[in-house]
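S.K.: Show me the folded form of this:
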Amino acid sequence: MKDSRLVEIALLVVIAALVALGAVPFLHFLAAHRPLGTLMLSVAIAATVVMIRRAYVPSSPTVRADVTKAVAYCVAAILALITIVWAPHWAIRACITAIEIAIIFDIITIAKRPGAAEE
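M.R.: Numbers count the residues shown, from 1 in each chain. Here you go, the predicted structure:
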């Protein structure tokens with residue numbers, strides 16, 4: 001059986017590149033359409049809170065990494081909401097950096113996960 005980790009990592013690298021190239025115009029679009037952006041990011045924050053709750057399984061050996069990854073995505077969504085609602089000068093760069101850090105952490109946790117042959 002092939003190891004699906006490589007496909008996941010490759011797709012996350014593509015997502016990271018798309019974030020690096022298109023996040024600023026997308027955040028400007030959401031800021032220009034503030035009600036839509038606020039709604040979308042509120043749903044994203046709610047989804048990441050659910051993601052945090054599902055990641056917290058005390059008996060899991062990877063619970064710390066899973067919760068940390070979920071919190072990183074939640075922080076990125078919160079920073080995106082701050083960016084479009086209040087538009088502080090530091091928020092766009094902080095939001096993009098938070099998203100990229102969450103993706104990189106996700107890649108690391110996928111790479112560290114045991115493969116099909118190792119299980």
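S.K.: Helix or strand for the spatially closest residue to residue 109 that is not a sequence neighbour, just tell me which one.
M.R.: Excluding its sequence neighbours, the residue lying closest to residue 109 (C-beta to C-beta, 6 or more residues apart in numbering) is residue 65, at 5.0 Å. For every residue, glycine as well, the C-beta is placed using N, CA and C. Element membership of residue 65 [criterion: DSSP states H and E] is helix 63-86.
S.K.: re the thing from before, pretty sure residue 111 is one of the things the residue nearest to residue 109 touches, is it not?
M.R.: No: proximity of residue 65 to residue 111 does not meet the contact threshold set by C-beta atoms under 8 Å, at 11.5 Å.
S.K.: Would you mind telling me which of the two has the busier surroundings?
M.R.: residue 65 (17 against 12; other C-beta atoms under 10 Å).
S.K.: And the more buried one, how close does it get to residue 32?
M.R.: 37 Å (C-beta to C-beta, to the nearest Å).
S.K.: Sketch out the low-pLDDT regions of the chain for me.
M.R.: 1-2, 115-119 (pLDDT under 70).
S.K.: Would you map the helices across it?
M.R.: Assigned by DSSP state H, the chain shows helices spanning 5-32, 34-55, 63-86, 91-112.
S.K.: on that earlier part again, now the residue nearest to residue 109: how far from residue 10?
M.R.: Per C-beta to C-beta, residue 65 is found 20 Å from residue 10.
S.K.: mind listing what's buried in stretch 33-46?
M.R.: 37, 40-41, 44-45 (16 or more other C-beta atoms under 10 Å).
S.K.: Take those and write them to a markdown table, including distance to residue 82.
M.R.: Supplementary listing: these in a markdown table, determined by distance: C-beta to C-beta, whole Å:
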| residue | distance to residue 82 |
| --- | --- |
| 37 | 11 |
| 40 | 14 |
| 41 | 9 |
| 44 | 13 |
| 45 | 11 |
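S.K.: Tell me the one of these nearest residue 99?
M.R.: Nearest to residue 99 among those: residue 44, at 11.0 Å, using C-beta to C-beta.
S.K.: State the distance from the closest one to residue 90.
M.R.: Counting by C-beta to C-beta - residue 44 and residue 90 are separated by 20 Å.
S.K.: quick one on the thing from earlier: pick the most deeply packed of the helices of the chain.
M.R.: helix 63-86 (a mean of 19; mean count of other C-beta atoms under 10 Å).
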